[in-house]
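Visitor: model this:
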Amino acid sequence: MSGHSKWAGIKHKKALMDAKKGTLYTKIIKEITVAAREGGGNPDTNPRLRAAIAKAKEANMPSDNVKNAIKRGTGELPGVVYETVIYEGYGPGGVAIMVEALTDNKNRASAEIRNIFSKNNGNLAGAGSVSWMFSKKGYILIDKSSVKEDELMNIALEAGAEDIKSDDPKNYEIYTAPQDFEKVKSALQAKNIPLQVAEISMIPSSTIKIVGPDAKKVLGLVEALEDHDDVQQVYSNFDIPDEILEQVSTK
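Guide: Numbers count the residues shown, from 1 in each chain. Next comes the predicted model:
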């Protein structure tokens, strides 16, 4: 997807900056708690929990926070029960937006998410309105300077990757089926190849090119949604020029 690699990298850097403010910790703790509740407290047999713990380590979250979040999820400690909610809508220029949230108050969260959409030139839509445009995939972003394309293809494809794209001048993009993501990620790490981004994501089947004022409005809406405490992930099918994305990344 044109523009996806740039935005994925920016989001990753911003998340690590947010960790310093503590905002990222809250979101990761929610994810760990829900993952443990739904799939058990053993990361070896729970891929979602394993991925959440990896995020916690990258954000330098204290291990006690991780352990307590797992115990709240498995019921060993009392805690809030979070519900997974998916919101779908449209932003400026008609871009599709999917929001994944974990909340302890669905009514409050829905009202607040709707308000964010309306205040930022977007509108919330019904279930299924945009989700059909996205497919769940493993997504890995790698700097081209860190490995030769032939070597990368051999490692990734042998481990089960579906596709490798090199359209971006600076990065390789690897796509996997969700169930093969951990295997491909581990194969790359075993070869000491640095991963800029490694996550399960929702990848759009097509994109909408957004330029001019609408581009900044779209990014404003996405950032406002991401800043909400209950929001875990925001996915969209925008294709915005690199120079505008660069302006966002240097804020």
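Visitor: any chance you could map the helices in the stretch 101-250 of the chain?
Guide: Using DSSP state H, counting those that start in this stretch, the helices of the stretch 101-250 of the chain run over 106-119, 149-159, 181-190, 213-227, 242-249.
Visitor: TSV for these, including mean pLDDT?
Guide: Formatted as TSV, the helices of the stretch 101-250 of the chain follow (pLDDT from 0 to 100):
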stretch	mean pLDDT
helix 106-119	96
helix 149-159	95
helix 181-190	94
helix 213-227	91
helix 242-249	72
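Visitor: what about the ones you listed, which gets the closest to residue 34?
Guide: The minimum distance between residue 34 and the helices of the stretch 101-250 of the chain falls on helix 106-119, with 13.9 Å, by C-beta to C-beta. Every residue, glycine included, has its C-beta placed from N, CA and C.
Visitor: Which of the helices of the stretch 101-250 of the chain sits closest to residue 40?
Guide: Among these, the nearest to residue 40 by C-beta to C-beta is helix 181-190 (16.2 Å).
Visitor: same for that closest one, what does it pack against?
Guide: Packing partners of helix 181-190 (3 or more C-beta pairs under 8 Å, 6 or more residues apart in numbering; DSSP states H and E): helix 47-58, strand 134-143, helix 149-159, strand 171-176, strand 197-204.
Visitor: 6 Å instead?
Guide: When contacts are defined as 3 or more C-beta pairs under 6 Å, 6 or more residues apart in numbering; DSSP states H and E, helix 181-190 sits against helix 149-159.
Visitor: Name the residues that touch stretch 221-234?
Guide: For stretch 221-234, contacts defined as C-beta atoms under 6 Å, 6 or more residues apart in numbering pick out 27, 91, 99, 100, 101, 102, 103, 109, 116, 120, 122.
Visitor: ugh, wrong one, I meant stretch 84-92
Guide: 97-102, 106, 113, 117, 121-125, 129-131, 214, 217-218, 221.
Visitor: Just the C-alpha atoms of it, please, in PDB.
Guide: Once non-C-alpha atoms are left out, stretch 84-92 reads as follows in PDB (Å, rounded to 0.1, in the frame of the first residue of the first chain):
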ATOM      1  CA  THR A  84     -13.700  -5.000  22.500                       C
ATOM      2  CA  VAL A  85     -15.600  -2.600  20.300                       C
ATOM      3  CA  ILE A  86     -15.000  -1.900  16.600                       C
ATOM      4  CA  TYR A  87     -16.200   1.500  15.200                       C
ATOM      5  CA  GLU A  88     -16.400   2.200  11.400                       C
ATOM      6  CA  GLY A  89     -16.700   5.500   9.700                       C
ATOM      7  CA  TYR A  90     -15.500   7.900   7.100                       C
ATOM      8  CA  GLY A  91     -13.100  10.800   7.200                       C
ATOM      9  CA  PRO A  92     -12.400  13.800   4.900                       C
END
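Visitor: how distant is it from the center of its chain?
Guide: Here stretch 84-92 shows a centroid-to-chain-centroid distance of 14 Å under the convention C-alpha atoms, centre = their mean, to the nearest Å.
Visitor: again, but for stretch 26-40
Guide: Chain-centre distance of stretch 26-40: 15 Å, with C-alpha atoms, centre = their mean.
Visitor: Buried residues in that stretch, which are they?
Guide: Going by neighbour count (16 or more other C-beta atoms under 10 Å), the buried part of stretch 26-40 is 27, 28, 29, 30, 31, 32, 33, 34, 35, 36, 37, 39.
Visitor: what do you get for stretch 58-72?
Guide: So for stretch 58-72, counting by 16+ other C-beta under 10 Å, buried means 59, 61, 66, 68, 69, 70, 71, 72.
Visitor: Sort out for me which of the buried residues of stretch 26-40 are in helices.
Guide: 27, 28, 29, 30, 31, 32, 33, 34, 35, 36, 37, 39 (DSSP state H).
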